[in-house]
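> no sequence for this one, just the structure:
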């Protein structure tokens, strides 16, 4: 059954289009604009979010009754469709099994990764939704699986040679409501999933942007056009315009300002409209050149300062007036400083600025002469109340801090979880920046909004990278995925051994000593341990992978990163371990739960906001195991409790796994919080 839903209001932005016409909205409110640069140099900087008087807002929009009725009807139809799928699954299975068997025989050929499983003589019907599968049904799910050969890069080959013999349906998802006020939002970021992703930053920007688009807002992401971007994965990539970007430099001891001709391109990445910026002539400079996003052949500080100025110059030159400029991390924080000191007086008057702090581990320390790359003398910001790095007072030279400057000049500041916001304001996570954050005019701007995950990309019921799909109603495919991973990694193919998975960057923040301790604890307790990740602390793990645990039947250390292998490990894992020293939000534990794993985490930041210990919360509310300390004993306490649960209460464990699959982890609630924040600061 095909359902077409016509929605009133603003359509989504089309590829190659930043902002489109909006429905008629009349808004009245009084906003105190921050003082121009001449005044800012004479008086202390005032809080940018203050208004002279309480604002009154009058919004006229089309009645929403029709939308609400249609959405309600859509939800009813989805429930009916879900029920019908469950009823028809057993009939569909019988018809599909024979076809799957024939196709498997035709596709399998010498040299393939492995042979597909033979078709059973009689087709096996699907079990009832939420029921326990039989061995016969598991054999049915294994139809068409390309069983991997140990020691090969099996994740580079398709996991199946034929489609799943049973359609398990879609995983949990949410229908996004359409907001009555349509906002123009522009993100400034150094990363964007799926093609410009190093860590969680790219996932967050993509997930938030796409969800706000679904709510009817006009959203564009501005990012650097890295030389390493796979251009064939940018939909509708095309040249937009050339702009001259002011760029400062020192010549013969004198500060001078020139102009760097800059090319602007537009396209769509993962369903999100993007603006890509780079120098027009890459032969004249090396900005954003090289084979990696970070750590390439370019000067990162110079490049991101140039990017901030170029993004603002593009908005000015193209005549755009977004409601909100949403900046992410230190790489884009200078845009807030430049906007209020320069561009707010050059006709770019409407934007208000949100700065999201994803991680205070790196805050962007910058020399004053380096800031001149923006075309503005860094001395303008070299005061304690603006961007001066207090740690360098009395040094020669004194330095600026871009994250501090971004906080001071932003209208709102967010962290990526409520607990991390509390740790930043009241704990030790802010470090030396705590004195800045405790200033009343800064502290009042800070709030924590928990990240979500992309439940379309991370959907075990539809994930094309898995050996078998599954969801909370049909969980049996998870055991097929576990067998597939064990075979591919050369592990003991024993379903009674829990797989403990760690998917992480190998850096001190992630609790390197606890990851190593967990490995040996798994050995002692008869569990299996799988690591996927790399980083500047991966040397010891590389050595163990090549020597002590080479070809081990219960330990596999994959010191690398593969997005495909990550999907397959999440699908196979019984336990997902995240023992971070600090974790602003963390996506690993949420993705693990989406794929039916039980998280074991250290209770900090976003881990504390998303994981509730099953032994300290009422039945049905717990979803994992937590610990507080940074020592091995604290880790072992939580890990051992999870092992006991897995081995002694398998029915309860299965129910917990299914409950985790159904947990609401999407961007829906988080996006609603961001839209509310945008509205609270946006001009008409």
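It's in. Computed from a prediction, not measured in an experiment: that's the story for all the values here.
> what's the most centrally placed residue in the chain in contact with, if anything?
To find the centre residue of the chain, average its C-alpha atoms and take the closest one (CA atoms, centre = their mean): that gives residue 203, at 2.4 Å. Contact analysis of residue 203 by CB atoms under 8 Å, 6 or more residues apart in numbering lists 193, 197, 453-454, 587. No exception for glycine: its C-beta is placed from N, CA and C like everyone else's.
> again, only using 6 Å
Counting by CB atoms under 6 Å, 6 or more residues apart in numbering, residue 203 makes contact with residue 193.
> please apply the same query to residue 419.
Listed by CB under 6 Å, 6+ apart, the contact set of residue 419 reads 605, 608-609.
> give me the phi and psi for the nearest residue to residue 611 once chain neighbours are set aside.
Nearest in space to residue 611, with sequence neighbours left out and distances taken as CB to CB, 6 or more residues apart in numbering, is residue 624 at 4.3 Å. In this entry, residue 624 is assigned phi and psi values of phi -180, psi -160 (degrees, to the nearest 10).
> residue 624 bridge partners, please.
residue 613 (DSSP bridges).
> just the ones of the contacts of residue 419 in helices?
605, 608-609 (DSSP state H).
> between the contacts of residue 419, which is nearest residue 398?
The shortest distance between residue 398 and any of the contacts of residue 419, using CB to CB, involves residue 605 and amounts to 31.6 Å.
> okay, the closest one: pLDDT?
You'll see residue 605 listed with a pLDDT of 97.
> with residue 13 instead?
38.
> ok so, going back, who wins for most neighbours among the contacts of residue 419?
Within the contacts of residue 419, neighbour counts (other CB atoms under 10 Å) peak at residue 605, which reaches 30 neighbours.
> contacting residues for that residue?
Counting by CB under 6 Å, 6+ apart, the residues that residue 605 touches are 417, 419-420, 582-584.
> by mean pLDDT, flag the weakest helix or strand of this protein.
Taking mean pLDDT, DSSP states H and E as the measure, the helix or strand of the chain with the lowest value is helix 37-40, at a mean of 33.
> and stretch 624-641, average pLDDT?
Mean pLDDT, stretch 624-641: 98.
> show me what it is in contact with.
Residues outside stretch 624-641 that contact it (CB under 6 Å, 6+ apart): 514, 517, 521, 579, 598-603, 611, 613, 642.
> got it, and stretch 406-414?
Judged by CB under 6 Å, 6+ apart, the contacts made with stretch 406-414 from elsewhere in the structure are 48-49, 333, 336-337, 340, 352-356, 386, 442, 445-447, 449, 677, 681.
> quick one, strands of the stretch 201-350 of the chain?
Here the stretch 201-350 of the chain has its strands, by DSSP state E, counting those that start in this stretch, at 218-224, 235-251, 254-269, 272-279, 324-328.
> emit the ChimeraX select command for whichever of the contacts of stretch 406-414 are buried.
Of the contacts of stretch 406-414, the buried ones can be selected in ChimeraX as follows, counting by 16 or more other CB atoms under 10 Å:
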select :48,49,333,336,337,340,352,353,354,355,356,386,442,445,446,449,677,681
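> okay, the residue nearest to the centre of the chain and residue 187: tell me how far apart.
When distances are taken as CB to CB, to the nearest Å, residue 203 and residue 187 turn out to be 13 Å apart.
> tell me if I am right that residue 460 is in a strand.
No. Remark: residue 460 does not belong to a strand; assigned using DSSP: H, G, I helix; E, B strand; the rest coil, it is coil.
> contacts only, for it.
For residue 460, the contacting residues are 470, 571, 595, by CB under 6 Å, 6+ apart.
> can I get those in JSON lines including pLDDT, secondary structure and neighbour count?
Converted to JSON lines, those look like this (pLDDT from 0 to 100; DSSP: H, G, I helix; E, B strand; the rest coil; neighbours: other CB atoms under 10 Å):
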{"residue": "470", "pLDDT": "95", "secondary structure": "coil", "neighbour count": "28"}
{"residue": "571", "pLDDT": "98", "secondary structure": "helix", "neighbour count": "29"}
{"residue": "595", "pLDDT": "98", "secondary structure": "coil", "neighbour count": "28"}
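> how about those residues in a markdown table, adding distance to residue 362?
Shown next, in a markdown table, are the contacts of residue 460 (distance: CB to CB, whole Å):
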| residue | distance to residue 362 |
| --- | --- |
| 470 | 38 |
| 571 | 32 |
| 595 | 30 |
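> which one of these sits closest to residue 153?
The nearest one, if we look at those relative to residue 153 and count by CB to CB, is residue 571, at 17.7 Å.
> leaving out chain neighbours, which residue sits closest to the closest one?
Nearest residue to residue 571, sequence neighbours excluded (CB to CB, 6+ apart): residue 481, at 3.9 Å.
> give the rounded mean pLDDT of the one helix or strand the one you found maps to.
Remark: residue 481 resides in helix 477-488, with elements defined by DSSP states H and E. The predicted model assigns helix 477-488 a mean pLDDT of 97.
> again with stretch 236-251
Mean predicted lDDT for stretch 236-251 stands at 92.
> would you pull up how far it lies from the middle of the chain?
Averaging C-alpha positions (CA atoms, centre = their mean, to the nearest Å) puts stretch 236-251 29 Å from its chain's average.
> and the residue nearest to residue 571, how close does it get to residue 530?
When residue 481 is compared with residue 530 (using CB to CB), they lie 12 Å apart.
> for residue 669, helix, strand, or coil?
Secondary structure of residue 669, per three-state DSSP, is helix.
> scratch that, residue 642
Assigned state for residue 642: helix (three-state reduction, three-state DSSP).
> around it, how many other residues sit close by?
Counted by other CB under 10 Å, the residues lying close to residue 642 total 23.
> can you tell me which residues contact it?
Going by CB under 6 Å, 6+ apart, residue 642 touches 575, 600, 625.
> 7 Å instead, please
Applying CB atoms under 7 Å, 6 or more residues apart in numbering, we find residue 642 in contact with 575, 598, 600, 625.
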